[in-house]
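Novice: kindly return the folded structure for what I paste below:
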Amino acid sequence: MNLLIYKTQSELLEDLASYIIKIANKAIEEQNCFNFVLTGGNSPKTLYEMLATTYRDQIDWGKVFFFFGDERNVMPDHESYNGLMAKKALFEPLNISDDHIFYVDTKLAPEKAAIEYQKAIVKHFNGADLIFDLILLGMGDDAHTASLFPGTNILKNKEVEVDSVYVDKLATYRISFTAPLINKAKNIAFLVFGENKAEAVKHVIEGAVKDPTLYPAQLIKAIDGSVTWFLDDAAASLLDS
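Specialist: So this is what the prediction gives:
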């Protein structure tokens with residue numbers, strides 16, 4: 001595990017953008033494509049906007065395929081739909097072709113949406129292992145990541161797949177990569193900032209209690225790849241190391 005801590009959010013995002021560019025260009029050089037899994041919520045919006053403007057000329061975007069590690073069970077035109085935020089901040093400014101974007105079809109029932117998303121991913125990999133070049137993750141103040149929330153059934157799923165999950169605290173369904181699918185990635189990066197995340201960061205990284213049912217991000221341990229945490233000082237404020 002690599003732990004990177006920054007004084008400011010802007011420094012963090014600049015370094016994370018450079019990290020993404022390096023991995024993207026390496027993947028394109030080696031396999032002529034870059035399979036990139038995006039995270040949702042508000043945290044990555046500025047990062048996506050930076051990639052689409054300041055750094056737009058540093059990646060061959062025509063060779064990038066985009067996926068989502070999880071999605072909210074709302075219609076695609078809803079403001080909370082992760083795909084819509086990425087579309088406005090990243091895809092439209094870069095003129096990304098629709099066939100390079102893998103949205104979750106939330107017009108379907110959650111279980112069906114998960115099954116169809118899994119099928120689309122398997123088809124894209126064309127018989128190869130489902131190993132993404134980079135999975136970008138956030139983390140909530142309850143230590144959830146993707147839609148792996150404390151106490152949910154998806155935490156017990158040992159399959160390398162996409163699954164639907166009902167989240168009691170939100171009273172709604174989500175569609176999410178399972179931990180085993182995330183852990184197969186070549187590179188996993190957490191983007192976490194803010195004082196409200198400090199306690200969760202402490203539990204996940206240094207906590208004496210190892211209980212993923214309470215702290216789901218503890219499940220994220222790359223099998224053959226690397227896990228890098230990008231934290232600001234506030235999020236890292238309770239860490240000892």
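Novice: where does the protein dip in pLDDT?
Specialist: For the chain, applying pLDDT under 70 flags no range at all.
Novice: can you pull the phi/psi pair for L136?
Specialist: Taking degrees, to the nearest 10, you get phi -90, psi 130 for the backbone angles of L136.
Novice: distance of L13 relative to S97?
Specialist: 26 Å (C-beta to C-beta, to the nearest Å). Heads up, the C-betas are built off the backbone N, CA and C, glycines and all.
Novice: next one: Y166
Specialist: Relative to S97, Y166 is positioned 34 Å away (criterion: C-beta to C-beta).
Novice: among the two, which residue is more densely surrounded?
Specialist: Counted by other C-beta atoms under 10 Å, Y166 and S97 do not tie: Y166 has more neighbours, with 15 against 12.
Novice: may I have the phi/psi pair for the nearest residue to that one once chain neighbours are set aside?
Specialist: Computed as C-beta to C-beta, 6 or more residues apart in numbering, the closest residue to Y166 that is not its neighbour in sequence is Y173, at 5.3 Å. Geometry field for Y173 lists phi and psi as phi -90, psi 160, criterion degrees, to the nearest 10.
Novice: run a quick neighbour tally on Y173.
Specialist: Y173 sits with 21 neighbouring residues when counted by other C-beta under 10 Å.
Novice: check F102 too.
Specialist: As a measure of burial, F102 has 19 neighbours, counting by other C-beta under 10 Å.
Novice: ok, E49 next?
Specialist: 15.
Novice: who touches D232 in this structure?
Specialist: For D232, the contacting residues are I5, Y6, K7, T8, Q9, L12, V192, F193, G194, taking C-beta atoms under 8 Å, 6 or more residues apart in numbering as the criterion.
Novice: can you redo the residues you listed as JSON lines with neighbour count?
Specialist: Below are the contacts of D232 laid out as JSON lines (neighbours: other C-beta atoms under 10 Å):
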{"residue": "I5", "neighbour count": "17"}
{"residue": "Y6", "neighbour count": "19"}
{"residue": "K7", "neighbour count": "10"}
{"residue": "T8", "neighbour count": "11"}
{"residue": "Q9", "neighbour count": "17"}
{"residue": "L12", "neighbour count": "22"}
{"residue": "V192", "neighbour count": "25"}
{"residue": "F193", "neighbour count": "21"}
{"residue": "G194", "neighbour count": "14"}
